[in-house]
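Visitor: build me a structure from this.
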Amino acid sequence: MTIVSDIRPAGRQLLRAVPRERPPWPLLGLGLAIGLAALLPAFYLVVRAVDGGSETWDFVFRVRTAQILGRTALLIAIVTVFSTVIGTLLAWFTLRTDLPFKKPMTVAIVLPLVIPSFVMATTAIEFFGIGGVLEGWLSPFGVERVSSFDGLRGATFVLVLMTYPYVFLAARGALRRLDPALEEAARSMGYGASQTFRMVTLPILKPALAAGALLVALYTLSDFGAVALLRYETFTFAIFNQYESALNRSIAAGLSLVLVFFAIILLTGEGMTRGRARYHRSTVGSVRPAVDMGLGRWRWPVLGLISIPVLVGLVVPVGVLTWWLVRGLIKDQSMTALLEPAMNSIVISLIAAILAVALAIPVAVLAVRYSSWWPSRLIERVTHIGFGLPGIVVAISLVFFGVNYARPVYQSNWLLLFGYVVLFLPAAVGAIRYSLMQVSPRIEEAAQGLGRRPWKVMSSVTLPMIMPGVLAGGALVFLMTMKELPATLILSPIGFKTLATVIWDASTDAFFARTAAASLLLIALAGIPMAYMVFRDSSNRSSEHQ
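Guide: Sure thing, here's the model as predicted:
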């Protein structure tokens with residue numbers, strides 16, 4: 001215990017770096033522009049709430065609002081804890097052990113991320129709810145009625161299945177960049193795998209896990225589809241009711257400002273857990289790949305254990321959707337053409353991912369290399385606010401600015417892409433930031449000392465080293481854009497359809513076969529880039545071993 005404890009503080013002391021005094025003006029200007037763009041929804045909410053006068057604030061500061069906020073906080077806490085534990089363990093087992101079928105398991109673990117929340121909730125109710133498939137299976141064994149699936153229990157179950165991939169991808173990217181020398185040093189001193197993971201690996205992964213947990217918390221804060229179907233009243237549920245039923249949207253804006261305040265609290269907590277320590281190596285040598293740990297006779301039991309989230313989060317929804325599709329085909333239901341919506345989903349999601357990654361890199365550089373509170377870390381914080389707001393709030397705020405200040409882009413794909421970036425930029429920032437934290441600034445300083453300009457150092461030295469984080473962040477944005485519904489419905493040009501909007505239209509009209517066809521196609525299309533990334537990652541690691 002003493003030796004390993006001595007390794008960690010000494011390592012952290014060596015890894016601390018003195019922040020550079022002032023960022024270059026072009027980088028700072030770009031960062032400020034990105035931060036201001038991310039704050040547009042918050043500006044709109046302030047304007048609308050102020051216009052509402054005292055009526056808005058009387059509604060916001062009532063006891064009922066505090067009760068709903070407490071229910072929301074409880075759901076966020078439970079979902080974040082479960083998702084963080086599950087995502088971390090799955091990342092470690094699929095990357096650092098000789099687990100069978102690691103490649104297909106990695107793809108399957110991530111795919112629940114692309115299932116729209118209302119589809120996941122509907123299929124879960126169909127399978128686990130009263131009168132569902134599970135009840136039918138258990139009835140021969142004397143189980144006449146399963147317990148109710150709605151409320152806090154059902155909302156927690158569905159949201160954990162949808163959010164643990166955030167932590168999984170963040171932890172996986174961090175583990176790929178982690179120098180195994182520290183773990184091997186602890187193992188050589190007699191510490192077992194669990195002790196090494198708890199005392200050495202876990203503390204170094206803390207920033208990545210905090211970033212993933214932050215995304216989980218913010219997503220839970222902003223989700224509407226799952227909590228609405230499972231009848232668990234959260235703050236987002238109250239906001240949607242105000243937008244739909246009340247003529248005065250100022251009250252909805254005031255409630256949304258409470259979400260902004262809540263998001264700021266979450267961001268502050270994540271920043272406190274991260275601290276100011278650096279997690280790069282104190283030397284400039286290359287990081288060699290880790291050797292997979294042998295599980296021995298536990299390989300298959302562990303595979304069965306970690307397959308449970310995949311079974312209930314992917315296999316069950318896909319099975320229910322397939323049954324809906326088959327039943328619809330048997331009844332000769334017509335299927336809406338899906339080729340054009342599928343192409344629209346792929347193209348718009350790919351462009352959104354590229355834009356988000358391009359804008360996330362300067363924000364991450366400011367946060368890591370120039371880590372003063374003002375303005376670098378503040379810019380990074382404000383980019384996360386949009387992720388904590390419901391998509392309908394962000395979309396309506398952008399409609400306001402489009403109509404009043406940017407008419408040329410109103411009802412165009414440019415405004416839609418801007419909305420996607422505001423919503424999902426934090427996913428790219430978090431992944432890239434942690435990858436950059438693991439790159440020693442001495443490497444960049446050495447390249448600049450050889451006469452290379454800063455932009456050349458970034459493109460030829462830094463960017464290749466942080467590529468795992470760039471790909472992970474881009475994949476997250478791609479997957480989340482594929483399933484985004486409210487922003488797409490409100491901001492897209494007339495006649496522009498994606499698979500998410502087709503799913504919504506079909507489910508609203510109770511065409512379950514059409515809903516199933518579009519949902520299954522969405523899952524399949526999301527699996528293609530994920531499979532490419534996983535197999536490309538595995539081949540790169542194999543070549544590094546050789």
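
Visitor: every contact and neighbour count from this point should use C-alpha atoms.
Guide: Fine.

Visitor: residues near Arg297, how many?
Guide: Arg297 has 8 neighbouring residues, counting by other C-alpha atoms under 10 Å.

Visitor: show me what contacts it?
Guide: With contact set as C-alpha atoms under 8 Å, 6 or more residues apart in numbering, Arg297 has no partners.

Visitor: am I right that Val409 is in contact with Gly402?
Guide: Yes - Val409 sits in contact with Gly402 when judged by C-alpha atoms under 8 Å, with a separation of 6.7 Å.

Visitor: joint contacts of the two?
Guide: Taking C-alpha under 8 Å, 6+ apart as the contact rule, Val409 and Gly402 both touch Leu415.

Visitor: these two: who's more crowded?
Guide: The neighbour comparison of Val409 against Gly402 (other C-alpha under 10 Å) goes to Gly402, with 18 against 13.

Visitor: ok now do the closest residue to the more buried one other than its chain neighbours, which residues does it touch?
Guide: Closest residue to Gly402 in three dimensions, ignoring its sequence neighbours and counting by C-alpha to C-alpha, 6 or more residues apart in numbering: Tyr410, at 5.0 Å. Counting by C-alpha under 8 Å, 6+ apart, Tyr410 touches Val399, Gly402, Val403, Leu491.

Visitor: quick one: Tyr410 from Ser492, how far?
Guide: 9 Å (C-alpha to C-alpha, to the nearest Å).

Visitor: just Arg22 next, same as before
Guide: Relative to Ser492, Arg22 is positioned 40 Å away (C-alpha to C-alpha).

Visitor: and the two? Which one has more around it.
Guide: In this view Arg22 and Ser492 are compared by other C-alpha under 10 Å, and Ser492 has more residues nearby, 22 against 14.

Visitor: tell me who's in contact with the more buried one.
Guide: Gln411, Ser412, Asn413, Leu415, Leu416.

Visitor: 7 Å instead, please
Guide: Contact analysis of Ser492 by C-alpha atoms under 7 Å, 6 or more residues apart in numbering lists Gln411, Ser412, Asn413, Leu416.

Visitor: would you turn those into CSV with secondary structure?
Guide: Listed next are the contacts of Ser492 as CSV, based on DSSP: H, G, I helix; E, B strand; the rest coil:
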residue, secondary structure
Gln411, coil
Ser412, coil
Asn413, helix
Leu416, helix
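
Visitor: buried ones among those?
Guide: Listed as buried from those are Gln411, Ser412, Asn413, Leu416; burial here means 16 or more other C-alpha atoms under 10 Å.

Visitor: contacting residues around the residue nearest to the last one when sequence neighbours are not counted?
Guide: Once its chain neighbours are removed from consideration, Leu416 has its nearest residue in Leu491; the separation is 5.2 Å (C-alpha to C-alpha, 6+ apart). The neighbours of Leu491, taking C-alpha under 7 Å, 6+ apart as the test, are Ala395, Gln411, Leu415, Leu416.

Visitor: may I ask which two of the residues you listed are separated the most?
Guide: For these, the farthest-apart pair by C-alpha to C-alpha is Ala395 and Gln411; their separation is 11.4 Å.

Visitor: hmm, back to that, nearest to Ile351 among the contacts of Tyr410?
Guide: Using C-alpha to C-alpha, Leu491 is the member of these that lies nearest Ile351, at 15.8 Å.

Visitor: for the buried ones among the contacts of Ser492, give me a markdown table that also has distance to Thr94 and pLDDT.
Guide: Shown next, in a markdown table, are the buried ones among the contacts of Ser492 (distance: C-alpha to C-alpha, whole Å; pLDDT from 0 to 100):
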| residue | distance to Thr94 | pLDDT |
| --- | --- | --- |
| Gln411 | 43 | 82 |
| Ser412 | 42 | 87 |
| Asn413 | 38 | 89 |
| Leu416 | 36 | 93 |
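
Visitor: any chance of those in TSV with distance to Arg442 as columns?
Guide: Below are these laid out as TSV (distance: C-alpha to C-alpha, whole Å):
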residue	distance to Arg442
Gln411	47
Ser412	44
Asn413	42
Leu416	40
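
Visitor: for those residues, which one is nearest Arg377?
Guide: Leu416 (27.1 Å).

Visitor: neighbours of Pro390, how many?
Guide: Around Pro390 there are 26 residues (other C-alpha under 10 Å).

Visitor: between the contacts of Ser492, which is closest to Leu305?
Guide: Within these, the smallest distance to Leu305 is 40.8 Å, found for Leu416 (C-alpha to C-alpha).

Visitor: mind jotting down where the strands sit in the chain?
Guide: Read by DSSP state E, the chain holds no strands at all.

Visitor: quick one, helices of the stretch 151-300 of the chain?
Guide: 151-177, 181-188, 193-196, 202-222, 225-229, 235-245, 249-274, 299-310 (DSSP state H, counting those that start in this stretch).

Visitor: which strands and helices lie in contact with the last one?
Guide: Of the remaining helices and strands, none touches helix 299-310 by 3 or more C-alpha pairs under 7 Å, 6 or more residues apart in numbering; DSSP states H and E.

Visitor: try 8 Å
Guide: Contact here means 3 or more C-alpha pairs under 8 Å, 6 or more residues apart in numbering; DSSP states H and E; on that basis helix 299-310 packs against helix 102-110.

Visitor: mind listing what's buried in the helix it packs on?
Guide: Of all the residues in helix 102-110, those buried under the rule 16+ other C-alpha under 10 Å are Lys102, Lys103, Met105, Thr106, Val107, Ala108, Ile109, Val110.

Visitor: let me know the closest of those residues to Gly52.
Guide: Among the buried residues of helix 102-110, Val110 lies closest to Gly52 (C-alpha to C-alpha), at 42.5 Å.

Visitor: good, wrapping up.
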